[in-house]
Every structure is written in C-alpha cells, then in structure tokens.
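**Student:** fold the following, please.
(one chain, ligands or ions: 3)
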Amino acid sequence: MTLWTRPCPIRFHRRQIPAPKTVGSGGRPGRGPALGCRFVSVVVVTGTCTGVGKTVVTAALAAVAAARGASVAVVKPGQTGVRDGEPGDLDEVRRLAGLDDVHEFARFPDPLSPAAAARRAGVPPLRLADVAERVQALSATRRLVLIEGAGGLLVRYDDEGTTIADLARWLGAAAVVVARPGLGTLNHTALTLEAMAHRGVQLAGVVIGEWPDDPDLAMRSNIRDLETIAARPLSGVMPAGAGALDPAEFLLAAHRGLAPSFGGTFDAAVFRDSHGLDKE
Ligand SMILES: Nc1ncnc2c1ncn2[C@@H]1O[C@H](COP(=O)(O)OP(=O)(O)OP(=O)(O)O)[C@@H](O)[C@H]1O
Ligand SMILES: C[C@H](N)[C@H](N)CCCCCC(=O)O
Ligand SMILES: [Mg+2]
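**Tutor:** Numbers count the residues shown, from 1 in each chain. Ligands and ions are numbered 1, 2, ... in the order given. Got it, this is the predicted structure:
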C-alpha cells in the first residue's frame, strides 16, 4: 500500500477472472476481447477533466468488445448533474453501443463532484467500497466490466477523499485515460499519469476523446508529446461527431478509433504520420 492510496474499508479480495474458453456463439476457443491481457476483466475509464469524451470512449470500448462476442457491463458509479428521469451517461452508452447491461449506483442532481453533490443534496455520499463489491459481483459473470468515473482521476466521491483511483487500485483495474487534443492537455495528462503511478494504478492507454476535422497547431504537435508522456503510442483517437452517430456507424468509428489492444484497428504510427507535425 502506498502513501497515496486509501485503504479499502471493507474486506475485499482482488480477483480477476480468466477469459472463457469460448466467447459468444461463433467465438474461437480462448479468444476474448483484445484488452492487452486475457485476464483483464475490469477497466476504469478516467479522464484529464470532465467533458473530455469519457462517455464516448466508454461506449466505443463496450461496442467493440460486445461485437467480438464478449459479455460487457458498463458501470457509472456516481452520476452527477442529472435529475431522476433525465438521461445520464449510461443512456448515451446504451444508445451508441446498443448495450443494456448498464449500472448506475448513485445519482445527484447538482453538476458537481459526487462528494459535493451528495453534500448539497443532504444525502450520504456514494461508498466506493460498496461499488467495488458490486463490480466484483458483476465481473464474475461478465468478460469485461467498464467503469466510467465522474470528471477526472482525483474527483472526490466522499468527504474522506476517496477517488476512482482508489476504486481502480482495490479492483486491480487498469485505467484508460481520455485526454483532450488541444493546448493544455500535456500538463493535464502528465498530472493524471503521475497521480496514477503514485497510486499504483496501471495505465491501459491514453485515448484522445474528440479529434476535430481541422486540428490546430497545438493538437498536431501534441500527438507526439502525449505519446512521450505516456511512454507508448496513443491507444486510440475518437473523431469529433462520433457521439452523434447511429449504432452501426458508431461501431465502425470505434473499430477505427481504438487500438488493437482494445480490439480495434487504430494504427498510432499512421495517425502520427498523417496528422502530426514531425513530417514537416
Ligand atoms: N468524439 C466525440 N464526438 C462527438 N461528441 C463528443 C465526442 N466526445 C465528446 N463529445 C461530446 O462532448 C461532451 C462531453 O463529452 P462526455 O460527456 O463524453 O464527457 P465526459 O468526459 O464523459 O464527462 P463527465 O465527467 O461528465 O462524464 C458531450 O456533450 C459529448 O456528447
Ligand atoms: C457534472 C459533470 N458533468 C461531471 N459529472 C462531474 C464533474 C466533477 C468535476 C469536479 C472538478 O474536477 O472540479
Ligand atoms: Mg461522461
């Protein structure tokens, strides 16, 4: 346990399930969704900030894995900024990925961190330790459980300061970091990755949440520097407008936008060569 990680307040045994021998009806033996490791079953989707495209990337990961025949559940532990009866992030995942196995554990109407929104609502905060237990139960019968945080990595879920990084650590889950392409993202991404490293949260990959048709100088320059910061090629780039596609088009965009480690066909070198500055 590092100084940076909160201890789990409940008895919780980290467990990862092996990939099933056969995936889906036409699945080949031993072939699960390509998530970098056959034993990865819980992945946290975090971001450098709120509004960076976490929901779209979560839907893309779910769509590609489900299309490969994997059983996928998507969890939004704490949804804020949405009232009862209004559509939340999971409704967007449901619409884009055509997935019904979605789970929201708490909802607070004010558009704030889950901790602040619970305080304002005068209700107890969401306990991420309980979320860990519920995710563990889900993972017993799913090949993949995706967990979308609220805002960035260190957003608080309670007044003790429990974060999605703690949840990832308790579950032994790697995290996908969704980043903006433009000016400012290098610092935000570096801070996020450094905080993860200090907390012992493994990086599953950096994905740009929304790449515009007309990238500016900083965006083009940032491709190389994001890869330097992450010490690996980009794990995906979702095109601007992906959130408005219909499910069939979205699946195609998800395949093209996610790297082979996530089951897609995105080629970071090709993207870097065609959009980066290095060729000039
Ligand atoms: N690739 C994309 N194509 C189209 N729209 C996008 C894309 N990425 C993000 N958006 C839009 O940008 C806004 C913010 O994105 P999103 O809701 O995914 O952010 P988030 O990181 O999930 O934020 P939160 O912390 O609220 O969960 C949304 O309105 C979403 O529809
Ligand atoms: C309301 C918003 N869309 C998210 N659900 C919550 C974002 C919390 C961000 C807190 C912060 O980093 O200042
Ligand atoms: Mg979201």
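
**Student:** drop to CA atoms for contacts and neighbour counts, all remaining ones
**Tutor:** Noted.

**Student:** export stretch 256-270 as PDB, just CAs?
**Tutor:** Extracted C-alpha coordinates of stretch 256-270, given in PDB (Å, rounded to 0.1, in the frame of the first residue of the first chain):
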ATOM      1  CA  ARG A 256     -11.200   2.600 -36.400                       C
ATOM      2  CA  GLY A 257     -10.600   4.700 -33.400                       C
ATOM      3  CA  LEU A 258      -9.400   2.100 -30.900                       C
ATOM      4  CA  ALA A 259      -6.000   0.300 -31.000                       C
ATOM      5  CA  PRO A 260      -5.700  -3.400 -31.400                       C
ATOM      6  CA  SER A 261      -5.100  -3.800 -27.700                       C
ATOM      7  CA  PHE A 262      -8.800  -2.700 -27.300                       C
ATOM      8  CA  GLY A 263     -10.000  -4.800 -30.200                       C
ATOM      9  CA  GLY A 264      -9.900  -2.100 -32.900                       C
ATOM     10  CA  THR A 265      -7.700  -1.300 -35.900                       C
ATOM     11  CA  PHE A 266      -6.300   2.200 -34.900                       C
ATOM     12  CA  ASP A 267      -2.700   2.500 -36.000                       C
ATOM     13  CA  ALA A 268      -0.900   5.100 -33.900                       C
ATOM     14  CA  ALA A 269       2.000   5.400 -36.300                       C
ATOM     15  CA  VAL A 270      -0.300   6.000 -39.300                       C
END
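
**Student:** and it, what's buried?
**Tutor:** 256-268 (16 or more other CA atoms under 10 Å).

**Student:** go on, stretch 147-161?
**Tutor:** 147, 148, 149, 150, 151, 152, 153, 154, 155, 156, 157, 158.

**Student:** what about those, which are in helices?
**Tutor:** Using DSSP state H, no member of the buried residues of stretch 147-161 falls within helices.

**Student:** which SSE is the most centrally placed residue in the chain in?
**Tutor:** Centroid check for the chain by CA atoms, centre = their mean gives residue 45 as the closest residue, at 1.6 Å. Assessed by DSSP states H and E, residue 45 sits inside strand 42-47.

**Student:** that strand packs against which elements?
**Tutor:** In terms of contacts (3 or more CA pairs under 8 Å, 6 or more residues apart in numbering; DSSP states H and E), strand 42-47 is packed against helix 54-67, strand 144-148, helix 164-171, strand 174-179.
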